[in-house]
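**Student:** Let me see the structure of the following:
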Amino acid sequence: MSAVVLVLGGAAVAVFVWLNGASAGQEPQANPSPSASPTPKPTPLTPAEQLLADADNPLACAVSFAGDGIALEPMLQWQNGLYAGLPIPAQDGLVFAGWYPSVDDAAAFTATARINGADPVSCTDQQIELHGAWKTPEENVAENTQVPILMYHQFTTNPDGESGWLRGNYAYIGDFDAQMNHIATTGFYLPTWDELSAFIDGRLYLPVRSVIITDDDADQSWFDLAAPVVEKYQLLTTSFMITAYRTDPPPSMYVLRRSHTHDMHQAGANGQGRIVNWSVDEIAADLNMSGDLLGAREVIAYPFGHYNDTAKQGVLQAGYEMARTIEPGYVGIGTDKLALPVVRIDYGMGLDALIKRIG
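**Tutor:** Presented below is the predicted three-dimensional model:
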């Protein structure tokens, strides 16, 4: 602050000047420098963005979930594989009806758009939002979905089939190709095993045109002939492996490896399979070894289709939830999870035979 005072006395003028509180002859004080602007706080990352930041990988995909009554945290998936472990939410008085890429697809229950563990992960800018849908229990029951579990064994390039007592086990690869093309192009939905379990419980709606494709024994012809067809049509399948004989890596990301037991695919004391001759603890130990080798539990296929109450207890004790038989039939709401029936495919059963059985 400056002040000037004039004192008049005759012709003399005295001038006194104060500058910023200092009298004339004193050094003025410097003006204080303006304070620096505060650094703005960064905008917090959304949960999905945080997942991507932590992953620091261009293949990472943050999947978010939306829908009535759905409050789930986003989860990380990988764009070089299939969706894994998508949640199956629950809500009192409703049945979950799946995940869809848009609100419209969810509202229409568009089966061909529905997303699950049979689908490759595909994201835009490393993110995707999936929309959930619901049905009432009454609607779910009224659909009367019956899920066929197809059971294949070996494969042959010979249209006339193989000779010997296992002739019926060998599906002609031309028939298999036509059957897989039919499933891939006519609107079938391929449930995962956790979805099948939830469907049996009445917690999950599955489309009427649902099918599960399985192979028993993981024969070399499965790897050489059938797996390339599965890869071509991008169809989720399950190969039930006898892990005492082989534990080959999956021949395709569309092939799940599940247990056909470790070493119970042999005759026991009474001529039937070991699984109906052994104790609960022995069965569980075998299945634990198989599950550890494959890195998965969920479901087994009974060797030779043999099972009894002891076998069922062993399956449960080893941490498996389901077991597949060789008994004919379809899976519906309330089916015994430890006695899943199948639709067996034998030599000579072409496309027409498949259509007759699964539509």
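**Student:** Where do the helices of the stretch 101-250 of the chain begin and end?
**Tutor:** With DSSP state H, counting those that start in this stretch as the criterion, the stretch 101-250 of the chain has helices at 103-108, 137-143, 173-185, 193-201, 220-221, 227-233.
**Student:** of all those helices, which lies closest to residue 164?
**Tutor:** helix 220-221 (13.9 Å; C-beta to C-beta). Any C-beta I mention is one placed from the backbone N, CA and C, and that applies to glycine too.
**Student:** Need the residues that contact the closest one.
**Tutor:** 154, 155, 156, 170 (C-beta atoms under 8 Å, 6 or more residues apart in numbering).
**Student:** Give me the below-cutoff pLDDT ranges for the stretch 101-250 of the chain.
**Tutor:** Scanning the stretch 101-250 of the chain for pLDDT under 70 picks out nothing.
**Student:** most residues in a single helix of this structure, which one?
**Tutor:** helix 280-294 (DSSP state H).
**Student:** From the chain's centroid, how far away is whatever helix or strand comes next after that one?
**Tutor:** Using DSSP states H and E, the next helix or strand after helix 280-294 towards the C-terminus is strand 299-301. Chain-centre distance of strand 299-301: 18 Å, with C-alpha atoms, centre = their mean, to the nearest Å.
**Student:** if we can go back for a sec, just say which of the helices of the stretch 101-250 of the chain is most tucked in.
**Tutor:** helix 193-201 (a mean of 20; mean count of other C-beta atoms under 10 Å).
**Student:** Which strands or helices does that helix pack on?
**Tutor:** If contacts are counted by 3 or more C-beta pairs under 8 Å, 6 or more residues apart in numbering; DSSP states H and E, helix 193-201 sits against strand 322-328.
**Student:** and the strand it packs on, which strands flank it?
**Tutor:** strand 299-301 (parallel), strand 340-344 (parallel) (DSSP bridges).
**Student:** On the C-terminal side of the longest one, identify the next helix or strand.
**Tutor:** Same thing as strand 340-344. Downstream of strand 340-344 (by DSSP H and E), the next one is helix 351-358.
**Student:** in that following helix, what counts as buried?
**Tutor:** By neighbour count on 16 or more other C-beta atoms under 10 Å, the buried set for helix 351-358 is 351, 354, 357, 358.
**Student:** any chance of the helices of the stretch 101-250 of the chain in JSON lines, plus distance to residue 243?
**Tutor:** Putting the helices of the stretch 101-250 of the chain into JSON lines (distance: least, C-beta to C-beta, whole Å) gives the following:
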{"stretch": "helix 103-108", "distance to residue 243": "39"}
{"stretch": "helix 137-143", "distance to residue 243": "36"}
{"stretch": "helix 173-185", "distance to residue 243": "24"}
{"stretch": "helix 193-201", "distance to residue 243": "18"}
{"stretch": "helix 220-221", "distance to residue 243": "16"}
{"stretch": "helix 227-233", "distance to residue 243": "18"}
